[in-house]
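**Q** I would like to see how this sequence folds:
(one chain, ligands or ions: 1)
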Amino acid sequence: MRILLASIATLSFAACASVPANVAMAQSADMLIRNVTVIDPDGRTSTPVQDVYILDGRIVEIADSGSSGRVAEQVTEGEGRYLIPGLMDMHAHTSFRPVHQPSLTLMLANGVTGVREMGSDCVDPEGIAMCIGEMRDAHAQIVAGEIVGPRMLELSSSKIDSNRPDDANAVQAAYRPISAEDAEVTIAFMQERGADFLKTGDEFRPEAFATFARVATEQDMRFGGHVPPYLSVADVANMGMTSIEHARDLPLDCSTYGSEFRAGVLAALSGERESFPNRMEMAARSRDTFDETICAGQIEAMRANGTYYVPTHLTREMDYRAGDEDYRNDPRFDYIMAMQQRFWFQDMDRTAERLGPIRSDLEDFFNLGLRTTGLAHAAGVQIMAGTDANDTMVFPGFSLHDELRHLVAAGLSPMDALRAATSVPAAYLGRESDFGGVSEGRMADLILLRADPLADIGNTREIEAVFFGGRLHDRAALDAMLAEVRAWVADADASMAAQADD
Ligand SMILES: [Zn+2]
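**A** Below is the predicted model:
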């Protein structure tokens with residue numbers, strides 16, 4: 001009876017209220033996350049007992065619990081839960097056709113709501129990699145909710161190198177500049193393709209690279225990736241490289257061996273010396289000749305130029321663990337097609353055979369990578385979390401949580417590790433008003449966690465729900481996504497096996 005009276009009272013209030021229609025509209029929301037602890041990496045705050053209202057995929061209001069008059073259609077209980085922004089993987093590869101959709105699904109299921117795609121274009125349209133137009137179409141479908149996946153926030157060119165075959169076609173030639181004039185062609189070609197970022201590879205020749213870096217900087221085009229082996233981190237930072245990837249160059253350049261190695265490569269390229277420096281020595285000599293003052297100089301060049309650093313520690317982890325039984329027995333192989341597993345195992349077998357004898361040096365080099373990331377962070381270099389997803393043993397989606405753990409091991413606080421996957425990428429992209437924090441006006445790409453990631457960064461895996469593009473994916477929906485990928489993998493493996501039998 002009391003319930004009936006209450007609803008009559010509500011009805012009569014609604015009927016009598018002289019609230020204008022537009023104000024009544026403004027008081028509504030699609031979703032409410034109630035009683036939650038809001039962790040905002042941008043503001044570096046953690047605020048308990050908040051109500052977060054979402055309308056049309058954006059956060060419209062955050063208020064002390066129960067203090068807003070807003071009415072929401074869908075309510076998620078957040079008591080004992082933690083709300084963080086969706087995570088961004090700032091170095092990933094999802095453009096290989098066979099693994100494209102499974103990778104995107106694994107990312108969203110793991111709370112990765114944004115990705116920087118680091119090889120988004122095709123050198124050969126018939127090849128295994130999707131072309132940049134196809135990637136843009138996929139992004140549009142994701143945003144429209146037609147396919148599952150994260151936002152593709154930056155699409156890079158494929159890797160630009162100079163390793164050109166004699167019979168190179170025009171596209172291959174543009175991707176493999178040798179002379180300074182070639183580099184101008186490369187820039188024009190990439191502009192035409194509409195790449196957001198120009199990715200540099202290891203083989204980039206000195207004359208081509210110097211012109212490429214100058215023209216890209218003049219034209220305000222973002223470029224970077226691998227550091228050419230004859231240049232140091234400070235050199236490329238001073239040449240305007242936007243971001244440096246993989247914890248390989250900084251640990252090298254933090255030693256007295258760094259300048260010796262770089263000079264040796266340049267001398268070999270110009271024919272002044274017969275052979276290139278022995279890469280097998282790099283790990284041990286970088287470790288043995290580490291020099292804090294040299295390191296500080298390299299890092300200062302990055303800081304002063306605003307060079308972003310994406311250390312992808314997972315790639316250096318693979319170098320030393322490739323032969324380890326526990327590393328090779330990863331339960332996440334259920335999500336990886338047999339065909340891809342074969343590539344990964346071939347790579348691990350090769351790596352273990354070639355680098356097995358210097359395993360402990362490589363482990364030290366991985367740890368030197370963590371240490372130099374920590375030093376760079378402490379000196380004010382902007383660090384971003386990236387995984388190299390789909391490279392050997394880098395499981396799309398899952399691995400971002402592994403990299404966050406490595407960043408904390410490197411010396412970042414859990415809040416700073418979260419920033420490396422949220423607010424720092426948002427600033428890098430110039431999208432601070434949309435992403436990177438939990439605040440009014442920002443997009444509601446959010447993760448609801450069952451445990452506090454500031455107490456233990458491993459808790460970013462404890463995902464209760466993902467909010468993305470105005471939709472709620474609860475734990476059951478996320479588990480269904482994971483099951484769907486396992487089923488795809490099983491189907492693909494079965495059809496490959498059947499083809500092999502024919
Ligand atoms: Zn990569």
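**Q** what pLDDT does the residue nearest the centre of the chain get?
**A** By Cα atoms, centre = their mean, the mean C-alpha position of the chain lies nearest to D89, the distance being 1.8 Å. Looking at D89, its pLDDT reads 98.
**Q** tell me the buried residues in the helix or strand that it is a member of?
**A** Counting by DSSP states H and E, the element that carries D89 is strand 87-92. Within strand 87-92, the residues scored as buried using 16 or more other Cβ atoms under 10 Å are 87-92. Quick note: C-beta positions are derived from backbone N, CA and C, even for glycine.
**Q** do the same with stretch 399-417
**A** 399-412, 414-417.
**Q** neighbours of the residue of the stretch 51-200 of the chain found nearest the ion, how many?
**A** Nearest to the ion in the stretch 51-200 of the chain, going by Cβ to the ion, is M118, at a distance of 4.7 Å. Neighbour count for M118, taken as other Cβ atoms under 10 Å: 29.
**Q** so which bits of the protein are right by the ion?
**A** 118, 388 (Cβ under 5 Å from the ion).
**Q** break the chain into its domains for me.
**A** Residue ranges for the domains of the chain, per automatic domain parsing: 20-86+437-474, 87-435.
**Q** so for L482, which of the ones you listed sits nearest?
**A** domain 87-435 (5.2 Å; Cβ to Cβ).
**Q** for the stretch 251-400 of the chain, just list every one of the strands.
**A** For the stretch 251-400 of the chain, the strands defined by DSSP state E, counting those that start in this stretch occupy 308-310.
**Q** mind listing what the residue of it found nearest the ion touches?
**A** Closest to the ion within the stretch 251-400 of the chain is D388: 4.4 Å, counting by Cβ to the ion. D388 makes contacts with 91-93, 118, 246, 312, 314-315, 394, as judged by Cβ atoms under 8 Å, 6 or more residues apart in numbering.
**Q** which residue, other than its chain neighbours, is closest to E363?
**A** Y320 (4.4 Å; Cβ to Cβ, 6 or more residues apart in numbering).
**Q** that neighbour: how many residues sit nearby?
**A** 24.
**Q** which helix or which strand is home to L32?
**A** Here L32 is assigned to strand 28-40, by DSSP H and E.
**Q** please state the offset of that strand from the chain centre?
**A** Relative to the centre of its chain, strand 28-40 is centred 26 Å away, using Cα atoms, centre = their mean, to the nearest Å.
**Q** swap in stretch 162-173?
**A** The answer for stretch 162-173 is 30 Å, by Cα atoms, centre = their mean.
**Q** got the contact list for it?
**A** 123-124, 176-178, 182, 185, 189, 201, 203-205, 208.
**Q** now with 7 Å, please.
**A** 123, 176-178, 203-205, 208 (Cβ atoms under 7 Å, 6 or more residues apart in numbering).
**Q** buried subset of those, written for ChimeraX?
**A** Restricted to buried positions by 16+ other Cβ under 10 Å, the ChimeraX selection for these reads:
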select :123,176,177,178,203,204,205,208
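**Q** pLDDT-wise, what's the bottom of the contacts of stretch 162-173?
**A** Within those, the minimum per-residue pLDDT falls on V123 (80).
**Q** I'd say that residue and S158 touch.
**A** Yes. The criterion here is Cβ atoms under 7 Å, and V123 meets it with S158 at 5.6 Å.
**Q** ok, which stretches of the stretch 301-450 of the chain are helices?
**A** Applying DSSP state H, counting those that start in this stretch to the stretch 301-450 of the chain gives helices spanning 313-321, 325-328, 338-355, 359-378, 398-409, 414-420, 423-429.
**Q** what packs against the third one?
**A** Under the contact criterion of 3 or more Cβ pairs under 7 Å, 6 or more residues apart in numbering; DSSP states H and E, the helices and strands touching helix 338-355 comprise helix 475-501.
**Q** can you pull the buried residues of the helix it packs on?
**A** Under 16+ other Cβ under 10 Å, the buried positions of helix 475-501 are 478, 481-482, 484-485, 488-489, 492.
**Q** now do stretch 184-195
**A** 184, 186-187, 189-190, 193, 195.
**Q** sorry, back to before: so which of the helices of the stretch 301-450 of the chain is nearest D253?
**A** Short answer: helix 359-378, nearest of the helices of the stretch 301-450 of the chain by Cβ to Cβ, at 8.8 Å.
**Q** and D347, how many neighbours?
**A** Neighbours of D347 (other Cβ under 10 Å): 15.
**Q** for it, which non-adjacent residue is spatially closest?
**A** Among residues not flanking D347 along the chain, T392 sits closest, at 4.3 Å (Cβ to Cβ, 6+ apart).
**Q** relative to A410, how far out is the one you found?
**A** Computed as Cβ to Cβ, to the nearest Å, the T392 to A410 distance reads 22 Å.
**Q** try E281
**A** Taking Cβ to Cβ, one finds E281 at 24 Å from A410.
**Q** before we move on, what about D89?
**A** For D89, the distance to A410 - Cβ to Cβ - is 17 Å.
**Q** what's the nearest residue to G458 if we skip its chain neighbours?
**A** What sits nearest to G458 in space, not counting adjacent residues and going by Cβ to Cβ, 6+ apart, is R405, at 6.3 Å.
**Q** sorry, back to before: can you redo the helices of the stretch 301-450 of the chain as JSON lines with mean pLDDT?
**A** Formatted as JSON lines, those follow (pLDDT from 0 to 100):
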{"stretch": "helix 313-321", "mean pLDDT": "97"}
{"stretch": "helix 325-328", "mean pLDDT": "97"}
{"stretch": "helix 338-355", "mean pLDDT": "97"}
{"stretch": "helix 359-378", "mean pLDDT": "98"}
{"stretch": "helix 398-409", "mean pLDDT": "98"}
{"stretch": "helix 414-420", "mean pLDDT": "98"}
{"stretch": "helix 423-429", "mean pLDDT": "98"}
